[in-house]
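Q: this is a predicted model, with the sequence first.
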Amino acid sequence: MPLPSITGIMAADPRGMIGKGGEIPWHYPEELAHFREKTRGHVVVMGRKTFETVPMLFFQERTPVVFSRHALDIPVCTVVSSIEGFLAHQEEWQDRKIFVVGGADIAHLFLKHNLLTDFILTKIHKSYEGTAYLKLEYLDAWEETILVTTGNYTIVHLKNPHAG
Ligand SMILES: NC(=O)c1ccc[n+]([C@@H]2O[C@H](COP(=O)([O-])OP(=O)(O)OC[C@H]3O[C@@H](n4cnc5c(N)ncnc54)[C@H](OP(=O)(O)O)[C@@H]3O)[C@@H](O)[C@H]2O)c1
């Protein structure tokens with residue numbers, strides 16, 4: 001079966017900072033609305049730490065998949081413990097859009113396995129102190145198209161030149 005097309009969608013400051021102690025240090029309602037709109041109705045893949053920060057309401061209109069090395073029993077979520085475990089479900093999601101929404105651990109896992117075809121990245125203009133960092137160098141050679149620019153952030157679409 002061909003690999004599904006999977007898109008990363010995250011926001012990061014100029015150094016790749018994405019979160020501080022389980023929270024996101026900026027608050028841009030329109031950027032959040034963009035994230036909600038893009039992912040509505042689709043499969044959203046995340047790490048267990050990110051899952052713990054997301055309000056349950058978010059999952060009502062989305063199909064959540066949570067990565068954990070532990071056998072978690074979370075209602076309404078599919079829990080997987082490896083990329084192989086994730087790919088074992090691909091038939092289920094064959095006709096669905098799949099978004100990897102973070103955090104850094106899970107984004108890096110998909111990037112290392114070259115499993116992302118696209119990335120929608122919000123580049124936050126201001127720098128913040130934080131605890132979780134996305135390694136932006138993974139995206140260096142990706143082909144960039146600007147989608148939205150505001151005074152606070154720029155949203156770009158990145159295309160993986162080496163997508164399998
Ligand atoms: N700015 C953004 O766009 C954005 C998006 C999402 C999250 N965030 C922020 O990012 C931070 C969380 O990111 P994070 O990188 O610390 O954590 P994370 O990626 O959300 O979750 C890490 C957890 O995922 C599981 N995991 C990691 N690698 C795995 C593997 N190879 N196989 C199976 N399970 C694996 C482990 O869960 P177990 O410990 O249960 O085994 C690990 O503790 C928070 O501050 C959050 O607010 C920001």
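A: Received the coordinates, thanks. Numbering: from 1, shown residues only.
Q: okay, CA-based contacts and neighbour counts for the rest of this
A: Will do.
Q: now do the strands in this protein.
A: Applying DSSP state E to the chain gives strands spanning 6-12, 17-19, 43-47, 63-67, 78-80, 98-102, 118-124, 132-133, 143-149, 153-159.
Q: who does the third one touch, helix- and strand-wise?
A: Taking 3 or more Cα pairs under 8 Å, 6 or more residues apart in numbering; DSSP states H and E as the contact definition, the neighbouring helices and strands of strand 43-47 are strand 63-67, strand 98-102, helix 104-112.
Q: return the most buried member of the ones you listed.
A: Ranked by mean neighbour count under mean count of other Cα atoms under 10 Å, the helices and strands packed on strand 43-47 are led by strand 98-102, which reaches a mean of 24.
Q: hang on, the earlier thing: now for the helices and strands packed on strand 43-47, which one comes closest to residue 136?
A: helix 104-112 (9.9 Å; Cα to Cα).
Q: run a quick neighbour tally on residue 76.
A: Residues near residue 76, counting by other Cα atoms under 10 Å, number 12.
Q: for it, what are its contacts?
A: 63, 64 (Cα atoms under 8 Å, 6 or more residues apart in numbering).
Q: that older thread, and residue 139, which of the helices and strands packed on strand 43-47 is closest to it?
A: That would be helix 104-112 among the helices and strands packed on strand 43-47, by Cα to Cα, at 8.8 Å.
Q: counting contacts, what elements does the closest one pack onto?
A: strand 43-47, strand 98-102.
Q: next, format the helices and strands packed on strand 43-47 as TSV and append distance to residue 155 and mean pLDDT.
A: Shown next, in TSV, are the helices and strands packed on strand 43-47 (distance: least, Cα to Cα, whole Å; pLDDT from 0 to 100):
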stretch	distance to residue 155	mean pLDDT
strand 63-67	24	97
strand 98-102	15	98
helix 104-112	17	98
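Q: including distance to residue 141, could these go into TSV?
A: Shown next, in TSV, are the helices and strands packed on strand 43-47 (distance: least, Cα to Cα, whole Å):
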stretch	distance to residue 141
strand 63-67	27
strand 98-102	19
helix 104-112	13
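Q: just send these back as a markdown table, with distance to the ligand too.
A: Shown next, in a markdown table, are the helices and strands packed on strand 43-47 (distance: least, Cα to the nearest ligand atom, whole Å):
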| stretch | distance to the ligand |
| --- | --- |
| strand 63-67 | 4 |
| strand 98-102 | 4 |
| helix 104-112 | 4 |
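Q: got the contact list for the residue nearest to the spatial centre of the chain?
A: Geometric centre of the chain, nearest residue: residue 101, 2.0 Å, by Cα atoms, centre = their mean. By Cα under 8 Å, 6+ apart, the contact list for residue 101 reads 8, 9, 10, 44, 45, 46, 107.
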